[in-house]
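>>> Attaching a predicted model along with its sequence, questions to come.
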Amino acid sequence: MAALIQLRGLVKGYTRGGETLRVLDKLDLDLEAGGFYALMGPSGSGKTTLLNLVGGLDRPDGGSIVVDGEDIAAMSGPELAEWRAEKVGFVFQGFNLIPVLTAQENVELPLLLTRLSRAQRKEHAKSALELVGLGDRRSHRPSQLSGGQEQRVAIARALVSDPMLVLADEPTGDLDRKSADDVLALLRLLNEKYGKTILMVTHDHAAAQQARTIVHLDKGGRLGRIEVVR
Amino acid sequence: MPPLHLVWRNLTKRKARFLLTAGSLAIAIFLLCLLRSLVVALDAGVKAAAADRLIVQSKVSLFVYLPQSYGPKIASVEGVERVMRWNWFGGYYQDPSNFFAQFACDQDELQAIYPEIQLVDGEWDDFLRDRKACIVGEATASKYGFKVGDSVPIIGALFPKTDGTTWDFRVAGIYKSIKKNVDDATLFFHYKYLENALDSGEGSGPAGVGIFVVKMAPGSDRTEVMSRIDALFEQGPQVVQTTTEAEFQAQFVSMIGNVPLFVSSIGGGVMVAILLAALNTMLMAAREQTRDIGVLKALGFGDGVVAGVLLWQSLALCACGGGAGILLAAATEDPVAKMLGTVFPGYEVTSATLWAAAGATLFVGLVAGVGPALRARGLSVIDALRRTG
Amino acid sequence: MAFVPFSYNLRSLVVRRTATLLTVLGIGATVAVLAGVLALQQGFATLFVENGRDDVVVFLRQGSTNEGDSVFSLERAQILMKTLPDIERPVDGPPLVSAEMYLAVRREKVGGGETNVPIRGVQQGTFRILGDDIRLLEGRAFAPGVDEVVVGSKLADRIADCRVGDTLVLNTTPFKVVGMFDHSGPFKSEIWGDRDRLAEALERPVFNRVIAKLKDGADLADLKERMESDPQVPCKVMTEREYLGSQTTAFSFVLRVLGAFLAAIMGVAAVFTATNTMLAALAARTNEIGILLSLGFKPWAIFASFLFESLVLGLLGGVVGCLMALPLNGVDTGAMNFQTFTEVAFAFRVTPEVMVVAVSFSLLLGLLGGALPAARAASLRPTQALRRD
């Protein structure tokens, strides 16, 4: 069976201060559907860049990114936006909730891109929040939530439109141990119970152990070893 | 469906800033309405001028009087139905700063030539019969408390009384004008009263008639009548210039100076100031929302939709401020008119003015919003998310 | 006394370039409008006031406010001239006294429209009294007893038929324009001719004023008192400077009020913009304030720092506004002096006083705009401020 995500000859570089740095250098990688991958590597190894490329937030300088049969590297901006809305859920290190909206409204946000009615959107958001254990905090603003709670709202937002892919960039980076554990448990739930394919960038070894496969990238943007956890 | 609830939330998130910007917009739009209304008031008299009334004045100067003998001669011109003598009296009530116009006119002709003047109190016959009677406009009457039967003492500046006393007129009626070309602030009295006083030496001042007001017979050709009258006096002793009432009013407006230019310059300055204020606020807001823009784009909202949110923010802000200014202009119409009172009658905030203000508001909203909107549209998701706002 | 270094504020202004620029422009626009109106008023007033002579005395009819109103019959004027005491009588010529006729006549403007231009019928005595104040620029002086006029330098380009060689028709009489003269004051907006010829052409056998040069040491106050109650020809006495000054009061006042009004309204908008900018600056620099507080700077130092920054914004705005208004300096314009109802040509004068008022105003705006944000900044607690927001 073909891998869900097939990366071939992926190249990405950045120009900073007049110098061009090759962050990803002809990377080939296959990621299977239903997998829970942790991406690890030293800083500068391009792990966040890789995540952004797979999520359609950025475009490669060369190579192809085939997700579920579609080469997203060839898509236009608007096409990528539509694709992201449908297929991907993001969880960021800084939570990235919209401060002027309540938790409920933040979770509903992706649903505005669907054809659901207002009542349906409310229902879905409510369920998502209950799933992450924050049903009673629906009307709170982010400033009224703890860091761990904010991240759980972000996870609820990431899964509310039922994407096939959840991309997490250092999701536990700003959290204390207890909250981090809660978040990782949620991610495992999404993967094991709901079959989401998860790609998580992290530098925390303990967090990586919660995944099922660890993909190491080395400095120079090349693929290192692939370690199976479970 | 675009996330429009963000528009309102983002605006009101920082209440002080929202109120301050909306406040300055409101004040500026109010000022623009005020300026425009003043210009409209100046033009109103011109626009409402009667088509069948002509003014015969000296061609040489506003301050030159025409011989009495001109009256009957003008009356005999073909196409002239009625003629009235009309002198600017130029006096004041108690203090020179209490300004309102007074005119001496042939009282029998007044009603026929100026049907706009309608009495709201008192009797026309009373005015016509008593040589020392006068009728006063509503605005002046209410400002100084004149009532029918009162005696109004006017100090003659142009026509002083030889013994230094005041000219006393008895109020026989209070009038209101149903059209804009005649204001509600004037005092009209009998020409004969002035004429007799000058003849007897009781008063002194320029002899002769200020202007003649002519009502044309229905169906006459206006240009023809005007040329005929002018031709009558081509050889003097005083050359005349016959104009339509509209032209006559316009000449006063144009003498005030280049009002349109002056007002436009000021109006332009005001517009620039509020545009800058709105732009400043929108740019600040947009900068603070950089991360949010990234989030929306990451979630899959298109570049255009996100840009739209910012544009709507600007429009909503301007609508609040401009709307408040428009309401303020409409609500203060009466108090301002009263304040300008007898010096600048005719102040009115027309719906055209309010629509123009709405247009200006829309314009500012668009211009202030387009920059931030375009910037938001072109912002890359990664860059936006990287910023901490 | 530890002040927060000023360089910190200046650099912060540069870092937030766009907001700084917009605020400075906003204040600048307000200041420019104020300066423009004041420059108009200064140009108008100085034309009159600076150019009136202290040694020339003007006699007007008792009770009149300007030359236009003041009317002396031929007889009275002559009595006045003969009986006036204290007139300088040079050894080699007639006494320095002259009677003049004054009328605002209607003339067409170059480019359309009409306006009122003063015509002054003078006797030769006027030239003897004014001497070098009247400088012939082109052509020659009119010959007494002939239908000729000379025009003031400002009229040639603004009023029709006012070039040397043209013919001006007054009433039914043509007058040849034989010369153009300059005067540092308002006379350069007038047409001058022989009094007798003009009086006949205009059918105006009167004088409007008498001017005279008094002997050295003559007591003006005494003269004023005596002439006011003179049994034969009571009149008002004042120096030419006083007279010219009195002609400007109404218009100057209106311009000042207008300037203040506009400045107030636009000023409020500018203050709002400044407050907004400073509030945003505060929001972005909360962390920095926390650092400053933790380093040991006292709250009042923070307050002073923010206020200083706001004052700098105001100052920059004031300078920009003055720079925007400066090009107006010397620009020719005209306005209707409604006290005399004549058009006066003058130039904008952006005087040092105008700039001082403008910059003071802008500093005030900066102060008012910065007060609230400075107070908020000073009331932050270090723990609050240092928490990442």
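Sure thing, it's come through.
>>> Quick one: name the residues of chain A near chain B.
For chain A, the residues found near chain B under the criterion Cβ under 8 Å from any Cβ of the partner chain are A:52, A:55, A:57-58, A:77-78, A:81-86, A:88, A:90, A:92, A:94, A:96-101, A:105, A:109-110, A:112-113, A:157. No exception for glycine: its C-beta is placed from N, CA and C like everyone else's.
>>> Report whether whichever strand or helix holds B:F18 contacts chain C.
Of the helices and strands defined by DSSP states H and E, B:F18 is found in helix B:15-47. Yes - for helix B:15-47, a contact with chain C is found by Cβ under 8 Å from any Cβ, at B:A16, B:R17, B:L20, B:T21, B:G23, B:S24, B:L25, B:I27, B:A28, B:F30, B:L31.
>>> okay, those in a markdown table with pLDDT, distance to chain A and neighbour count next?
Converted to a markdown table, the residues of helix B:15-47 next to chain C look like this (pLDDT from 0 to 100; distance: Cβ to the nearest Cβ, whole Å; neighbours: other Cβ atoms under 10 Å in any protein chain shown):
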| residue | pLDDT | distance to chain A | neighbour count |
| --- | --- | --- | --- |
| B:A16 | 82 | 16 | 14 |
| B:R17 | 83 | 14 | 23 |
| B:L20 | 86 | 19 | 25 |
| B:T21 | 87 | 17 | 30 |
| B:G23 | 88 | 21 | 19 |
| B:S24 | 84 | 23 | 29 |
| B:L25 | 89 | 22 | 31 |
| B:I27 | 87 | 27 | 25 |
| B:A28 | 86 | 27 | 31 |
| B:F30 | 90 | 30 | 22 |
| B:L31 | 87 | 32 | 25 |
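>>> what's near enough to touch whichever residue of the stretch 151-300 of chain B sits closest to chain A?
Across the stretch 151-300 of chain B, the shortest distance to chain A (Cβ to the nearest Cβ) belongs to B:G300, at 2.6 Å. Taking Cβ atoms under 8 Å, 6 or more residues apart in numbering or on different chains as the criterion, B:G300 is in contact with A:A81, A:E82, A:W83, A:R84, A:A85, A:E86, A:V88, A:P110, A:L113.
>>> For burial, what's the neighbour tally of B:F363?
Per other Cβ atoms under 10 Å in any protein chain shown, the neighbour tally for B:F363 reads 14.
>>> which residues does whatever residue of chain A ends up closest to chain C contact?
Closest approach between chain A and chain C, counting by Cβ to the nearest Cβ: A:S143, at 9.1 Å. With Cβ under 8 Å, 6+ apart as the criterion, the residues that contact A:S143 are A:P99.
>>> ok, now how distant is it from A:F95?
Here the criterion is Cβ to Cβ, to the nearest Å. By it, A:S143 lies 11 Å from A:F95.
>>> Nearest residue to the residue of the stretch 151-300 of chain B closest to chain A in space, please, no chain neighbours.
Closest residue to B:G300 apart from its sequence neighbours, by Cβ to Cβ, 6 or more residues apart in numbering or on different chains: A:A85 at 2.6 Å.
>>> can you pull the contacts of that neighbour?
Applying Cβ under 8 Å, 6+ apart, we find A:A85 in contact with A:P110, A:L113, A:T114, A:S161, B:L299, B:G300, B:F301.
>>> swap in A:S161?
Taking Cβ under 8 Å, 6+ apart, we find A:S161 in contact with A:A85, A:E86, A:G89, A:P110, A:L111, A:L113, A:T114.
>>> can we see that at 10 Å?
If you count contacts by Cβ atoms under 10 Å, 6 or more residues apart in numbering or on different chains, A:S161 has them with A:85-89, A:107, A:109-114, A:116, A:124, A:128, B:299-300.
>>> From B:I382, how far out is it?
With the distance defined as Cβ to Cβ, A:S161 ends up 22 Å from B:I382.
>>> hmm, back to that, list buried members of the contacts of A:S161 by neighbour count.
Neighbour-count burial (16 or more other Cβ atoms under 10 Å in any protein chain shown) is assigned, among the contacts of A:S161, to A:85, A:87-89, A:107, A:109-114, A:116, A:124, A:128, B:299-300.
>>> how about the residues of chain B near chain A?
Contacts of chain B with chain A, taken as Cβ under 10 Å from any Cβ of the partner chain, map to B:1-6, B:8-13, B:288-289, B:291-292, B:294-306, B:380-382, B:384-386, B:388-389.
>>> Quickly run through the sheet partners of the strand ranked longest in chain C, with directions.
In chain C, assigned by DSSP state E, the strand with the most residues is strand C:97-108. Strand pairing for strand C:97-108, determined by DSSP bridges: strand C:114-122 (antiparallel), strand C:209-213 (antiparallel).
>>> Just send these back as a markdown table, with mean neighbour count, mean pLDDT and distance to C:W300 too.
Formatted as a markdown table, the entries for the strands paired with strand C:97-108 read as follows, by neighbours: other Cβ atoms under 10 Å in any protein chain shown; pLDDT from 0 to 100; distance: least, Cβ to Cβ, whole Å:
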| stretch | mean neighbour count | mean pLDDT | distance to C:W300 |
| --- | --- | --- | --- |
| strand C:114-122 | 24 | 89 | 60 |
| strand C:209-213 | 25 | 89 | 64 |
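>>> Of the ones you listed, which is nearest C:L84?
Across the strands paired with strand C:97-108, the minimum distance to C:L84, taken as Cβ to Cβ, is reached by strand C:209-213, at 6.2 Å.
>>> Ends of stretch C:78-94, what's the gap?
Distance across stretch C:78-94, first residue to last, is 14 Å (Cα to Cα, to the nearest Å).
>>> for that stretch, which positions count as buried?
Applying a neighbour-count criterion of 16+ other Cβ under 10 Å, one finds C:L80, C:M81, C:L84, C:D86, C:I87 buried in stretch C:78-94.
>>> In TSV: the strands paired with strand C:97-108, plus distance to B:N98.
Conversion of these to TSV gives the following (distance: least, Cβ to Cβ, whole Å):
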stretch	distance to B:N98
strand C:114-122	25
strand C:209-213	27
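>>> Ok, which of these comes nearest C:A301?
strand C:114-122 (60.5 Å).
>>> Could you look up the next helix or strand downstream of that closest one?
Moving toward the C-terminus from strand C:114-122, the next element (DSSP H and E) is helix C:124-130.
>>> Touching that following helix from outside, list them.
Contact partners of helix C:124-130, identified using Cβ under 10 Å, 6+ apart, comprise C:53, C:55-57, C:81, C:88, C:90, C:93-100, C:120, C:122-123, C:133-134, C:141, C:144, C:183, C:187, C:192, C:194-195, C:210-213, C:240.
>>> OK, contacts around the residue of the stretch 1-150 of chain B at minimum distance from chain C?
When you check the stretch 1-150 of chain B against chain C by Cβ to the nearest Cβ, the closest residue turns out to be B:S24, at 3.6 Å. Contact criterion Cβ under 10 Å, 6+ apart gives B:273-274, B:276-278, B:281, B:321, B:325, C:26, C:265-266, C:268-273, C:275-276 as the residues in contact with B:S24.
>>> If anything else comes up later, I'll come back, but that's it for now.
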